[in-house]
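Asks: The sequence isn't on hand, but the structure is:
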């Protein structure tokens with residue numbers, strides 16, 4: 001049994017070493033310009049290890065995208081946040097603060113990988129969205145539903161989520177060293193960015209919530 005545990009630990013170590021090396025290279029040079037040989041050299045493993053753990057370079061890239069998205073916002077983090085007794089406003093505040101923190105950390109490769117993928121989508125983006133977003137979406141919608149009193153299955157709430165998440169996602173796209181505009185944004189204190197995005201979000205959600213409560217029949221009626 002001791003040998004089995006050692007092998008498993010070694011395998012996990014190799015897996016994560018490859019994942020980190022690939023993440024750094026994909027972030028700096030992109031998927032198309034990053035070869036398996038480059039990844040193997042950086043991770044100090046042989047090429048066979050990449051195929052063993054990930055099946056192919058494409059499989060490795062998909063794993064990197066999933067890990068990058070997890071580092072931006074994880075299911076465990078969302079579960080803990082929605083399970084608290086905090087008011088919905090404070091939950092939203094914590095969510096936005098976490099998104100700002102995870103998308104503006106300069107030393108992390110995760111934000112740069114996602115930014116590259118969103119700017120120049122590959123065939124792997126759809127798999128990321130189909131695999132990760134549906135698992136995390138209900139937690140975010142529950143917070144927005146609590147704030148607006150709009151039912152979670154109402155299409156209006158999904159539109160609210162887009163309005164909240166899109167500005168935060170822009171922080172992924174506007175990477176440092178892309179333009180003076182991007183550099184100005186990344187030089188801003190993260191607390192100021194979070195304050196702005198939170199105030200912007202709350203103002204919009206309050207307006208949508210008031211409109212929904214004042215005209216529920218209009219919201220639920222089919223479009224003509």
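Replies: Thanks, I have it. Just so it is clear, the structure is predicted and the values come from calculations on it, not from any experiment. Residues are numbered from 1 along each chain as shown.

Asks: so residue 135 is in which element?
Replies: helix 124-148 (DSSP states H and E).

Asks: helices or strands up against the helix or strand following that helix?
Replies: Next along the chain after helix 124-148, taking DSSP H and E as the criterion, comes helix 155-173. In terms of contacts (3 or more C-beta pairs under 8 Å, 6 or more residues apart in numbering; DSSP states H and E), helix 155-173 is packed against helix 88-103, helix 109-119, helix 124-148, helix 190-214. In short, each C-beta sits where N, CA and C put it, glycine included.

Asks: Quick one: residues in contact with helix 155-173.
Replies: Applying C-beta atoms under 8 Å, 6 or more residues apart in numbering, the contact partners of helix 155-173 are 72, 92, 96, 99-100, 103-104, 111, 114-115, 118-119, 137, 140-141, 144-145, 148, 150-151, 185, 193, 197, 200-201, 204-205, 208, 212, 219.

Asks: When you filter those down to buried only, what's left?
Replies: Neighbour counting with 16 or more other C-beta atoms under 10 Å marks 72, 92, 96, 99-100, 103-104, 111, 114-115, 140-141, 144-145, 148, 150, 185, 193, 197, 201, 205, 208, 212, 219 as buried within those.

Asks: Report the next helix or strand after the longest helix along the chain in sequence order.
Replies: Counting by DSSP state H, the longest helix found in the chain is helix 2-29. Downstream of helix 2-29, the first helix or strand assigned by DSSP H and E is helix 36-43.

Asks: which outside residues touch that following helix?
Replies: Contact with helix 36-43 is made by 14, 17-18, 20-22, 24-25, 46-47, 49-50, 57, 60, as judged by C-beta under 8 Å, 6+ apart.

Asks: returning to that earlier point: could you figure out how far the longest helix of the chain is turned away from helix 36-43?
Replies: When axes from the mean of the first three to the mean of the last three C-alpha atoms, to 10 degrees is applied, the directions of helix 2-29 and helix 36-43 differ by 120 degrees.

Asks: Sketch out the low-pLDDT regions of the chain for me.
Replies: 1-8, 105-107, 175-180, 216-224 (pLDDT under 70).

Asks: re earlier: now, of the contacts of helix 36-43, which are buried?
Replies: When these are checked for burial by 16+ other C-beta under 10 Å, the buried set is 14, 17-18, 21-22, 24-25, 49-50, 57, 60.

Asks: Can you lay out these as a markdown table showing distance to residue 85?
Replies: Below are the buried ones among the contacts of helix 36-43 laid out as a markdown table (distance: C-beta to C-beta, whole Å):
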| residue | distance to residue 85 |
| --- | --- |
| 14 | 42 |
| 17 | 40 |
| 18 | 41 |
| 21 | 42 |
| 22 | 40 |
| 24 | 40 |
| 25 | 43 |
| 49 | 46 |
| 50 | 45 |
| 57 | 46 |
| 60 | 41 |
